[in-house]
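[1] Fold the following.
(3 chains, ligands or ions: 3)
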Amino acid sequence: MPRYAMVIDQSRCIGCMACVVACKRENDVPPEHYRTRVLEMVQGTFPDLTTEMRSELCNHCDKAPCVNICPTGASHHEEDGTVQIDRKKCVGCKACITSCPYNARHINKELGVADKCTFCQHRLIEGKKPACVATCVGGSRIFGDLDDPNSEISVLLRKTSHRVLKKSIGTGPNVYYINQYPTRS
Amino acid sequence: MELSITGTNAITYPVVHVWDWRVAIYLFLGGLAGGLMTMSAINYLRPGKKCGPMQSVCCWQIPVLAPILLSIGLFFLWLDLERKLHGHLFYMTFKPLSPMSWGAWIVLIIYPLMILYALAALPDEVKVRIKNAFIKNTADALAPHLAKLAKFNLVFGVLLAIYTGILLSTFVARPLWNSAILPLLFLASGMSTGAAVMIIVAKNKEVKLFFTKLDIWLILGELLIIALLFYGHYTGDAAHQAAIMPFFNSSHDTFPYFLSIVTIGIVLPLAIVMKFLEVTGKHTDEVTGFGLFLMNSSAVLVLIGGAVIRFALVYAGQLSGYGYVMM
Amino acid sequence: MAFSRRNFLKFAAMSAGGAVLADTPFISAEARAKAEGGNVKYVPTSCEMCFWKCGAIAKVVDGKVVKLEGNPYHPQSRGKLCARGQGGIGQLYDEDRLKHPMILEGKRGEGKYRKASWDEALDYVAKKMKAIAAKHGPEAIAMMSHGSSGDYITNVLKAMGSRNIAFPSFAQCKGIRDEAWLLTYGHKPGSSCEQVDLENSRVIVLIGTHLGENMHNSQNQEFAEAVGRGAKIICVDPRYSTAASKSSFWLPIKPGTDTALLLAWINIVISEELYDKEYVEKYTVGLEEVKEAVKKYTPEWAAQETELPMRQIIESVHELCRYAPNVVVHPGRHYSWYGNDTQRARAVAILNALLGTWGRKGGMWLPPKAKFAKFNDGAPAYPPASKPPLIRGDFPFAGGAGVTQVLRDATITGNPYPIKAWFVAGTNLMKALPNQEKTQDAIDNLDLLVAVDIMPTETVMLADVILPECTYLERHDGLYKIKTREAGVAIRQPAVEPMYETKPAWWIGSELCKKLGLDQYAVKGNGMDAWEGRMRRQAKAWGIDFDKLSKDTGYVTIPGSERPYITADNQPFFDTFSEKINLYSEALEEEGFDPVPQYEEVEQPPKDMFRLIYGRSPVHTFSRTINTQWLWELQKENEVWLNKKEAKRLGVKNGQYVRLENQDGMRCNKIKAKVTERIRHDCVYMVHGFGHNAPQMTRADGSGADDQKLITKYIEDPITGGTGMRVNFVKIIKEA
Ligand code: SF4
Ligand code: SF4
Ligand code: SF4
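    Ligands and ions are numbered 1, 2, ... in the order given. The predicted model follows:
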C-alpha cells in the first residue's frame, strides 16, 4: 500500500488560485466553502519586502486530532495513509472542526457532514493526481508515495530541507513545505 | 505583515466559530446535573444529617431534577448537530480515544443510575400520589437500596461534571481548553452549582446551612482553580498566553470576555461573603425571611457564575488557536 | 469511496505505460469514459475564459459538465488550467446568462426588452442593416469585437462591403507592442503567445508585466519553472507584484519613466560593450546610430528620472548581460500606458536585439515553421470596401486590427462619413474603451446597436437587439492554428448542447448572411452540424486527422515545425526592408518619428493626487468573469492599493471604503483601500474590470470600482493610435 503525501514548493507558488477552484469543482464543494486555500504573507517596508506564498490543505496527520475526537468513527485513517471522512457515519457534531489545529475542515451544509481534503482519493484510485496538483500552474504542489523511495516526493524530501506546519503540536502532518522563499541574490 | 488568504471558510475564519450557546448550555447543565447527583448523595450519606428519616434524601426533588436538567442539556446539544436524525450514529461504535464517544456512552450509564436513585428516594407522601403501579412498585423495591444507589450517584456525578471539562481539555488545537486544569474547574463549578440548587430547593434549615458551608469551600476552590488556569496559560507558550488575552482586554472586540471575568470576579466572591455572613450569623431554628433571601440569592449568584464560566470558555476557547500564519 | 486495490490497478494499467500517478494521464477520451462507466464523457475542447485558449477537457456526466481539466497535449495548457479555466463551468451554468434573443422596446438604456424568436430578431437586424446600407453605404455598419465569436460577424460585414472593424485588443492593449516589434524585427513578438523561452531563461526582465497576476497559463508555468530553477528575475514595476515578490531585483520605478531606464540600460550595454557583438553584427542594422542617440542617457540621469538607486540600475543590467543571450526582456502585452508607448516597446525590442535573445535558448524562440493551406470553404472573395475604412485614423502604423476610438469618434462626428450601426461581439465596450462618455455619445448616435454576447453586461443592455451566444462549452469554433514553439491545430467543440435559446456565433453569422441575401458567405450545409462539416473540410485541407483531433487528443502538432533556436541551418528571417533587425528605424524616420527611441517626459500627478494604474487579477478576465460564481467568490470586489505612509497622511485605514475622484471630477463607486507597503507613494493601483453597472448580473453588479470610469483622459500614441490610459490622476475621498 502506498503512503501518500504532498510536498509544497512555496517558491514556485504564484498565487494563481487554480488549485482552489479545481478542488471545488472536482469535489463539488458548495459555494463559499473550500478544502484548500492559499496564503500570501508580505513582510518588510517599502522597498525591502519579502513574500511567502503557502498553499494549505488537510495534512492527513499521522496523529490526527480530528480522528481521535470523532465519536462515530466517521473520521478515520486509511491504509493509504490518508485521513478520510465516511459521510454515512458523520453526525455533524463538529468536534473535528474544532479539533483541527490547521482549520482544514468545514461543514458541508448541503449534506450536514464534516468535509475536508481527501487527497482526491477517488482520483488516486484512477491513477490520477489530486485535482489541485494536476492543475497547479506554478508546479508548486507535488504529490506522491512516501513508501516509494524513488517517487518524486521521496527524492525531494531527501535532498531538500523541509518543514511541516505547526510541528510542535505533534500531529505528524503529511504535507511538507520546501523553499519558503524564492532563491534570490 | 500583510496577510491575505484566499479560500477560507466562515466557520474557521477569521476565528473558529463552530460551537455556540447551545453547547455552553449543555456543558452548564451537564455539570449541574453531575453536581446535583453528587450533592444529594452527599446529603443522604453524610453522618449527622438532621433532616427527617434515614430513608429520605431530604430533598427528593433533587434526584428527580438531575435527569431532567441533563436531558435539557442534551436537547441543546442535539440542537447543535448538523444531522439531527442521525444521532443514533453515536451508539454504533465506541471510540476509546474519543471523549465525545465517552460522553455518549457515559450518558447511557448515568441515566439509569439517576432514575433508579430518584425512584428509590421518593418519600412515601409522594409515592401515594403515583398512579402507575409499576413505578410505585419499582420505587418500593428500590427504596432499600437507596444507600448503594446514592454512593454510585456520588461517584458518577463527579465523573459527569469532570467529563464536561475533559471534553474540552483534549482539544490540542484550542489552547485555552487544552489544560488539565479545565476538568477540575468544571468539576468545582458543577459541584458548587449543584450545592447552590440544593440550597434553593431544600426546606430544612440544617441542610441549607450545610450546603452553604460546603459551597464556600467549593467556590474558594473554584476561584483558586480559575486563577491556576490563567496562570498556567500565562506561563505557557505564545498561543496559550494569547488564549487568555481576551479576558484582560477591554477593547470593543473582546469586551464580552472582559465583562465575563469581571462578572465572575464579583459574583463568586460576593456569594462567598454572603454565605459567610449566613454561616457565622446567629441562628434560630426558623429561617428568617432575610436569611432565606440571603441564602437563595447567594445561590443564584453561584449559578450565574457557573453559567458565565461555561459561556465564556466555550466562546473564548474557539478564539484561541495557532492561527493561520504560524509555520 | 473505499480504496480498492483492484480498481486502482485497473486504472493504473490504463494510464500510459501503467505508471501510477503519471502526469494527468491522458487516456483517449473515449477509453476513459468506457473505463469509468456510467454516463461519463470526456470532450477535448478549447477554453475561452480568457484568450490564451488553452486546451481543455470537459468531463461530462449525465449531460452536465462537472469538471474541466487542462489538455496535456496542448502546449498552452500542458495538462493544467488556471482558476478561470477551472471555473468555466460557472459561466456555463450562470443563471444570469442571456437566454433568448431580445429586441429593445422603448429608449436605449432603459433596459426594456421583449423576447423575440431568432427568426424575428435576425429579420429585424437584417432589415435595419439593409436600410442603413442603402441610405449611407455598407461602410456605415461597423463592428468591435474580442474573442472567437467576432469572426463570424466580421464575415457578414466584409461580405456587405464594410471594413470598419476594430478590436480593442489593438489600441487598448497589445497593438502598440506588436507594431513596434514589426518595425524592429518584422515579426510580432508572438501570435498565440509571446515567444519568450522563459523555462530556459537565466534572467527574465519584466517591465510592468505582472505574471502571476496576469494569468496566461503556459507562460506562468514557465515563469514558475524559471523561478523554481533559480533564474534571476528583474522586475520593473511601481508595485510589488507577485512577480516582484519572486525577483532578485525589484525596481520600483517612478511611473512613466520606464523608457528612461531602458535607454540608460541600452547605453550601458553599448558603451561598456556588453552586447553580443557577433549577433549584432550579423543580424542588426543601426548600432552606431543607436549608440549616438542614447549617449546622453547616463545611469546618473536615469537614476534621477526614475527615482531608482543608480547602483540598482547598473547592477541589474550587468546581471542581465552576464547571462546573455540566455535572457529575455519580456515584450509585455498590455501596452497602452502613456501615449508614447511605441518607443518604449522599441526600446525593449532593441535591448533584446543587443543581447541577442531572438532565436536563443532562454531568450525568444523563433516562430514555428508551418504552412497551412488556404481554406475558405469555397466562399467567394469579399467585395471591395465600399469606402476606405476609418480604422487606421491618421496613425501611420495603426495595424489592421483597427483603432477603436477612431471609429467611435467618427460615429460621434459623422466625419468623414457617417457610421450608423455597430455590432459588438464579446467585448464590454463600456469597460474596454477609455472615456465612457464618448462611448455613450457614439452609441446615442447609432441607428442600430447589435450585441452578440453571453452576459447582460452594461454594453449589451444598451443594444437594440441582443443576440445571446452560447458559451464556449456549448459550441464549435476554430479550428485554431496554435503557434507556440511548434505549430499545431486545436479544436473547440461543444461539451453539452446549448442551454436556453442560445446559439453559437457561427450560426448567428451564417443565418444573418442568409437573411441579407449573402448566402454564398454562409456556412455550407444546414442545421447545427454545418460548422462541424466545415471543420472537417478544413482539417482535410490542412492534412489533419479530424477524428483524432475531436475524439482523442484535442490538439495535433504539425511535425517538424519546431525550430526554436538559431543554428547553422536554422537562420532567422526578419521580415523588414533591410531583412535585419532594425535597431534604427528608417520607416519611423520617414514618417517623422524618432528612428531611435528618445525619452519624453510624461506629466506627473499634481500634489495630493495619485496616478491611477490598473492591472489584472489571476482569477478574473477583465469584466467578463466577475459574475462567474466560482471566480466571483474568490474575489468579489477590487481594492485600491495605497502606499502606507500616504494612507497615514490621509487618515485612511486598511479595509476602509473610499472613492476616487479624477482630474475631471469623475468619481468611482466606493472601493476598499488596501493600505500597503507594496506600492510607491505617487500612484494607486486597482484591478481592472470591477464595478459593474449591470443589474442583471446579480453577483457582479455594483461590487468594487470601475477603473475605466476614472479613465476619462487618454493620450493617443501618434505612431500606432494606442490609447495611453495611465495618464489619469485621482484623489482619495473617504467614504463617510
Ligand atoms: S489537518 Fe486537520 S483535518 Fe487534516 S488530518 Fe490533520 S487534524 Fe485532521
Ligand atoms: S487533494 Fe483534492 S481534495 Fe485535497 S485540496 Fe487537493 S483537490 Fe482538494
Ligand atoms: S495552483 Fe499552484 S501556483 Fe497556483 S495558487 Fe495553487 S499552489 Fe499556487
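[2] Contacts only, for the residue of the stretch 1-150 of chain B at minimum distance from ligand 1.
    Proximity of the stretch 1-150 of chain B to ligand 1 (CB to the nearest ligand atom) peaks at B:T12, 10.4 Å away. Backbone N, C-alpha and C define where each C-beta goes, glycine included. The contact partners of B:T12, taken as CB atoms under 8 Å, 6 or more residues apart in numbering or on different chains, are A:I97, A:N103, A:R105, A:H106, B:V18.
[3] Pull the number of nearby residues for the closest residue to C:G87 other than its chain neighbours.
    In space, and not counting its chain neighbours, C:G87 is closest to C:W630: 3.8 Å by CB to CB, 6 or more residues apart in numbering or on different chains. Residues lying near C:W630 (other CB atoms under 10 Å in any protein chain shown) number 24.
[4] can you check C:K115 too?
    Using other CB under 10 Å, C:K115 has 12 neighbouring residues.
[5] partner residues bridging it?
    Per DSSP bridges, the residues bridged to C:K115 are C:M102.
[6] quick one: the helices in chain A?
    Ranges of helices in chain A, per DSSP state H, are A:18-26, A:65-69, A:95-99, A:121-125, A:131-135, A:152-159.
[7] Against which helices or strands is the longest one packed?
    For helix A:18-26, the helices and strands in contact under the criterion 3 or more CB pairs under 8 Å, 6 or more residues apart in numbering or on different chains; DSSP states H and E are strand A:37-45, helix A:131-135, strand C:64-70, helix C:83-86, helix C:629-632.
[8] Quick one, which of those gets closest to ligand 1.
    Of all these, strand A:37-45 comes closest under CB to the nearest ligand atom, at 12.4 Å.
[9] is ligand 2 contacted by that closest one?
    No - between strand A:37-45 and ligand 2, judged by CB under 6 Å from any ligand atom, nothing touches; the nearest distance is 9.1 Å.
[10] who's in contact with that strand?
    For strand A:37-45, the surrounding residues in contact (CB under 8 Å, 6+ apart) are A:13, A:15, A:17, A:19-20, A:49-57, B:1-8, B:324-325, C:240, C:245, C:644, C:676-678.
[11] from those residues, which are also near ligand 3?
    A:C13, A:G15, A:M17, A:C19, A:S55.
[12] Produce a PyMOL select command limited to the buried residues of these.
    Selection of buried members from those for PyMOL, criterion 16 or more other CB atoms under 10 Å in any protein chain shown:
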select buried, chain A and resi 13+15+17+19+55
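[13] helix or strand for C:L206, which one?
    Assigned by DSSP states H and E, C:L206 belongs to strand C:203-207.
[14] That strand: what's the following helix or strand?
    Proceeding N to C from strand C:203-207, the next assigned helix or strand is helix C:217-229, under DSSP H and E.
[15] how about the residue in chain A positioned nearest to ligand 3, phi and psi?
    Proximity of chain A to ligand 3 (CB to the nearest ligand atom) peaks at A:G138, 2.8 Å away. Listed backbone geometry of A:G138 is phi -80, psi -10, with angles given as degrees, to the nearest 10.
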